[in-house]
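**Student:** Predicted model follows, preceded by the sequence.
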Amino acid sequence: MRRRRRGGRAGVLALAAIPLIVLVVFFVYPVLGIVGQGFVSDGRFAPGAVLEVLGRPRTGRVLWFTLWSAGLATLVTLLAGLPLAFVLHRLSFPGRGLLRALVVVPFVLPTVVVGVAFGQLVAPSGWLGGLHVEGTAVAIVAALVFFNVSVVVRTVGSFWESLDPRREQAAAALGASPMQVFRTVTLPALLPAVVGAATVVFLFCSTAFGIVLTLGGLRYANVETEIWLLTTQELDLVGAAALSVLQLVVIVGLLVLTHVTRKDAGHVDRAAGTGRRPRRGDAWLLGWSALVLAALVLPMLALLTRSLTDQDGRWTVANYRALAGTAGGTLPVSALTALANSLEIALVATCFALALGVIVAGLASRRPARATGRRAIAVFDGVFMLPLGVSAVTLGFGYLVTLDQPPLDLRSSPWLVPIAQAMVALPLVVRTVAPVLRAVDDRQRQAAASLGAGPLRVLLSVDLPAAWRALLAAAGFAFAVSLGEFGATSFVVRDETPTLPIVIYRLVSHPGALNAGTAMAASVLLAATTALVMLAVERLRVGAVGAF
Amino acid sequence: MPGIPSRPVAAALAAALTTTALAGCALSSSGQPDDDPKTVVVVTHDSWAMDKKVIADFEKKSGYTVKVRPTADAGELTNKLVLTKDNPLGDVVYGIDNTFASRAVASGVLQDNTPRNRPAGAASYDLSQESGAAQLTPVDYGDVCVNVDDVWFHKHGKTPPTTLDDLTKPAYRDLFVVPGATTSSPGLAFLLTTVAAKGEDGWQDYWRKLVANGVKVDASWTNAYEVDFTGGGGKGDRPIVLSYASSPPFTIPEGKTRPTTSALLDTCFRQVEYAGVLSGAHNTKGARAFIDFMLGTEFQEQLPDQMYVFPVDKAATLPPVWARYAKVASDPWSVPAEDITAHRTGWLRQWRDLTSR
């Protein structure tokens, strides 16, 4: 008996080694490679210069803006996203699938394009010109919320959906008001998923780059834009290294904080229904959700309008016709070919992220009896969140300077793009799947094991049926991340096979009205493709629920 | 029924693995080794555009295959080359401009190169000897100038500005939008214009006045021109923008012959773009051949239409609308390349403090 347990532990360690090795090779090593250059001067380790940068008053200002803008944006995102998660995942009404797909769209839109769309909305002559938020932090926070609502809706929503509704029913039957039920039963059960989503959103917001630059009119700088500035424009590797260290400190602090506050999740039930019909009591929730949806749709509408008009404001489809061309040689391939590249790469990246993410989530949801084991698992869980909190510029430059020699001569390998994207998608997969796995009642696994099921059989017959929905949600998310990823991709993408966001960026930075219009049309294409993929995933979900 | 789910799950897993394998095959089949001496890898900025026919002509004549790697803007391009010096990203670089030239030269990322046939007049764009004339060959140039929307000024019965000083006058309050010097290369060029015009100790005061007069600073040229400029694609709110001397021809309305905007030629800074052979290039011969080709008539005459810049070859024929409406400054502002290298970071930090309120 004892020998078998030791064998089990070796198996667990071997399994844990796979994602860890990938993380070390494609994240830790490149980041250390570039950050390390800031710590070394004349071939000697000299951390003094880095410490000096940390003491600059500007560093303090940049850090403060990063923290408060990301914190505020996270709070607003939760306020906007949680009711929407309930409405789109616990209620059942016609058009729900379409709305769910729509909510994900902002997440993949290229920041350059959203910057243009938001800029036009808030400009004095724009639809929202009367709000006078142009060039202010309000515009930045609003855009951050726009991007991240989908993270909350999808990660919390898929968990909420699988939450056993009988506890809430029991509380209600015992006389609790809907508010009491939510506060004492639903919220505590949801908390792990909410905290997970909030962590991810905060990390996304604190590493936001294009939005802060474009909408802040250069008056605001966060750690991410500062790293970009120091690395790409000033070649101040010492300063960039200092800020990268700062980013790491922030993210580790955040992870420790979320770990301390983490409680056990409510139990999930694999037979959870598809949701109930809306009641009169849901009115204010529905109203609020409609408001949030309208706010999400407005910039998309602005984008759509711009893509369908020419320089003089007349309606035209010329921008869409130009999608098949290469803008007179500006692009190596047409936008349509780039879309095909994007889809192919996204498919590979999704498979990578899912395979690794499931291993990580599976291991992270284990609950060993000993404290050291629990701590090891918490650390294991945490390190896979790191890619979200570290600058894409740092990672990209890291790839350039480290992955250039055999056996890791991958700088121009076609595999590097999906791998880089999978590193970004991985934390999302883990955060979506882990809460569900953690919420599976361990006694079910023990029962299955005592009835003679092997570990694999337990996984397939206990964990998978419960996590199935979350897995699909995670797959959809990983796909969306890959479709929209720009930062790291721009460093490693092969020129013959650019992705759609790369093509959009090149179009937008090229003079000429048709180029700008084509970029808008290409963004609509990207948005529509994302929505279609999400709809397809939705269909799969319904089918899967029916099969169990 | 715990046994049932395993079948669809296994099927889904198998399907996922198969698609990964297939997509992976498709991905790797397009891979080619870079060490091929028959290939020339051109590293350039992301404004690169060239007619495929022109490149094909070079390939036919020389027997080399050309691979173009566009990457970021001139500044980031230069820094990438510096960081990858020991294992360069390609054979030849095109697109380092006079604001970043001396950094590239000083970091030793380039090797000497003497082009075979230099076009008439090209030598006037050369860097100074100490800044690296032996390594960087001028290919094209463009003037970064303030542009005005003539139609807007006509409609509002106002006279457009003509000089840098005009921009600080109350008549042009809240009308000027400029891309940032820290985030865009035309923005940096405009900062250098003011340094050249107002002196190393006077430009700060000029910018204070600009800010007091309501100048809007955007992150990128795209945002300034396409969103905030009244004459750009987005129908913005500001009729004065920092752009290029070559921008006006692009504002000729359909069916008309005259542009709706014009460039103020007293406010221009000249950006010269260079090509050079990277040290450690796998294909030095091919790199030299490509630079020679870039100086040839065929490539030079394509530059205006493809990349909106002027050829260094004075004898090259310009497109008809360019000949009429894309004027160049007769006496543009300039700052020596070595001064730019020495002061860039300091100037940019000062500028950052001046413009962030």
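**Tutor:** That came through fine.
**Student:** From here on, just use CA atoms for contacts and neighbour counts.
**Tutor:** OK.
**Student:** Tell me, how many residues neighbour A:Gly325?
**Tutor:** Summarising burial for A:Gly325: neighbours were counted as other C-alpha atoms under 10 Å in any protein chain shown, giving 18.
**Student:** secondary structure class for A:Thr305?
**Tutor:** helix (DSSP: H, G, I helix; E, B strand; the rest coil).
**Student:** gap between it and B:Ala74?
**Tutor:** Applying C-alpha to C-alpha, to the nearest Å, the value for A:Thr305 to B:Ala74 is 33 Å.
**Student:** Comparing those two, which residue is more hemmed in?
**Tutor:** B:Ala74 (26 against 16).
**Student:** ok, A:Ala70 touching A:Cys205?
**Tutor:** Yes: with contacts counted by C-alpha atoms under 8 Å, A:Ala70 reaches A:Cys205, the gap being 4.9 Å.
**Student:** Between those two, which is the more surrounded one?
**Tutor:** In terms of neighbours (other C-alpha under 10 Å), A:Cys205 is the more surrounded of A:Ala70 and A:Cys205; the figures are 31 against 25.
**Student:** Tell me which other helices or strands the one helix or strand the more buried one maps to touches.
**Tutor:** Counting by DSSP states H and E, the element that carries A:Cys205 is helix A:187-206. Counting contacts by 3 or more C-alpha pairs under 8 Å, 6 or more residues apart in numbering or on different chains; DSSP states H and E, helix A:187-206 is packed against helix A:57-90, helix A:137-162, helix A:237-261, helix A:386-389, helix A:416-439.
**Student:** now, of these, which is deepest in the fold?
**Tutor:** For the helices and strands packed on helix A:187-206, the stretch with the most neighbours on average is helix A:416-439, a mean of 27; neighbours defined as mean count of other C-alpha atoms under 10 Å in any protein chain shown.
**Student:** quick one on the thing from earlier: any chance of the helices and strands packed on helix A:187-206 in JSON lines with distance to chain B as columns?
**Tutor:** Formatted as JSON lines, the entries for the helices and strands packed on helix A:187-206 read as follows, by distance: least, C-alpha to the nearest C-alpha, whole Å:
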{"stretch": "helix A:57-90", "distance to chain B": "10"}
{"stretch": "helix A:137-162", "distance to chain B": "13"}
{"stretch": "helix A:237-261", "distance to chain B": "10"}
{"stretch": "helix A:386-389", "distance to chain B": "22"}
{"stretch": "helix A:416-439", "distance to chain B": "10"}
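**Student:** right, and those - which one's nearest A:Leu331?
**Tutor:** Each of these has some distance to A:Leu331 by C-alpha to C-alpha; the shortest is helix A:416-439, at 18.9 Å.
**Student:** Quickly list what B:Ser262 is bridged to.
**Tutor:** Counting by DSSP bridges, B:Ser262 is bridged to B:Val148.
**Student:** OK, contacts around it?
**Tutor:** Taking C-alpha atoms under 8 Å, 6 or more residues apart in numbering or on different chains, we find B:Ser262 in contact with B:147-150, B:245, B:247-248.
**Student:** Tell me how many other residues crowd the closest residue to B:Val277 other than its chain neighbours.
**Tutor:** By the measure of C-alpha to C-alpha, 6 or more residues apart in numbering or on different chains, the closest residue to B:Val277 outside its immediate chain neighbours is B:Val92, 4.6 Å from it. Other residues near B:Val92 come to 28 when the count uses other C-alpha under 10 Å.
**Student:** Strands of the chain, residue ranges please.
**Tutor:** In the absence of a named chain, this looks at chain A. Secondary structure of chain A (DSSP state E): strands at A:40-41, A:44-45.
**Student:** that's the other chain; I wanted chain B
**Tutor:** Assigned by DSSP E, the strands in chain B fall at B:39-44, B:65-70, B:92-97, B:110-111, B:137-149, B:176-179, B:216-218, B:240-244, B:261-278, B:310-311.
**Student:** mind putting these in CSV, mean pLDDT included?
**Tutor:** What follows is the strands of chain B, written out as CSV (pLDDT from 0 to 100):
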stretch, mean pLDDT
strand B:39-44, 94
strand B:65-70, 89
strand B:92-97, 94
strand B:110-111, 95
strand B:137-149, 95
strand B:176-179, 95
strand B:216-218, 91
strand B:240-244, 95
strand B:261-278, 95
strand B:310-311, 94
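**Student:** Need those strands in CSV (columns: distance to A:Phe93).
**Tutor:** Written out in CSV, the entries for these read as follows (distance: least, C-alpha to C-alpha, whole Å):
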stretch, distance to A:Phe93
strand B:39-44, 53
strand B:65-70, 48
strand B:92-97, 56
strand B:110-111, 65
strand B:137-149, 51
strand B:176-179, 48
strand B:216-218, 44
strand B:240-244, 50
strand B:261-278, 53
strand B:310-311, 60
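**Student:** Tell me which of those lies nearest to B:Thr78.
**Tutor:** The stretch from those with the least distance to B:Thr78 (C-alpha to C-alpha) is strand B:92-97; that distance is 6.6 Å.
**Student:** and the closest one with strand B:137-149, angle?
**Tutor:** With axes from the mean of the first three to the mean of the last three C-alpha atoms, to 10 degrees applied, the angle from strand B:92-97 to strand B:137-149 works out at 40 degrees.
**Student:** contact partners of strand B:92-97?
**Tutor:** Counting by C-alpha under 8 Å, 6+ apart, strand B:92-97 makes contact with B:40-45, B:74-75, B:77-78, B:271-278, B:281, B:287-288, B:290-291, all of which sit outside it.
**Student:** And stretch A:373-382, by the same measure?
**Tutor:** Counting contacts by C-alpha under 8 Å, 6+ apart, the residues outside stretch A:373-382 that touch it are A:252, A:255, A:259, A:360-361, A:363-364, A:366-368.
**Student:** again with stretch B:202-219
**Tutor:** By C-alpha under 8 Å, 6+ apart, the list of residues contacting stretch B:202-219 from outside reads A:213-215, A:217-218, B:167-170, B:172-180, B:183-184, B:194-195, B:197-198, B:224, B:350-351, B:354-355.
**Student:** how about it: buried residues?
**Tutor:** Of the residues in stretch B:202-219, B:203-204, B:206-207, B:209-211, B:213-219 count as buried by neighbour count, 16 or more other C-alpha atoms under 10 Å in any protein chain shown.
**Student:** Return the member of the residues you listed nearest to A:Pro188.
**Tutor:** B:Ala219 (43.4 Å).
**Student:** distance of the closest one from A:Val116?
**Tutor:** From B:Ala219 across to A:Val116, the span is 11 Å (C-alpha to C-alpha).
**Student:** wouldn't A:Ala448 be in contact with A:Val458 here?
**Tutor:** Yes: applying C-alpha under 8 Å as the test, A:Ala448 and A:Val458 come out as touching, 6.2 Å apart.
**Student:** which residues does A:Ile251 contact?
**Tutor:** A:Ile251 makes contact with A:203, A:386, A:389 under the criterion C-alpha under 8 Å, 6+ apart.
**Student:** picking up where we left off before, mind listing the shared neighbours of B:Ala219 and A:Val116?
**Tutor:** Between them, B:Ala219 and A:Val116 share the neighbouring residues A:Thr214, with contact defined by C-alpha under 8 Å, 6+ apart.
**Student:** So what's the residue count around A:Pro278?
**Tutor:** Using other C-alpha under 10 Å, A:Pro278 has 15 other residues around it.
**Student:** Now do the contacts for residue 136.
**Tutor:** In the absence of a named chain, chain A is used. With contact taken as C-alpha under 8 Å, 6+ apart, A:Thr136 is in contact with A:215-216.
**Student:** think we crossed wires, I meant chain B
**Tutor:** B:101, B:112-113, B:127, B:274-276.
**Student:** Separate out the buried members of those.
**Tutor:** Taking 16+ other C-alpha under 10 Å as the criterion, what is buried in the contacts of B:Leu136 is B:101, B:113, B:127, B:274-276.
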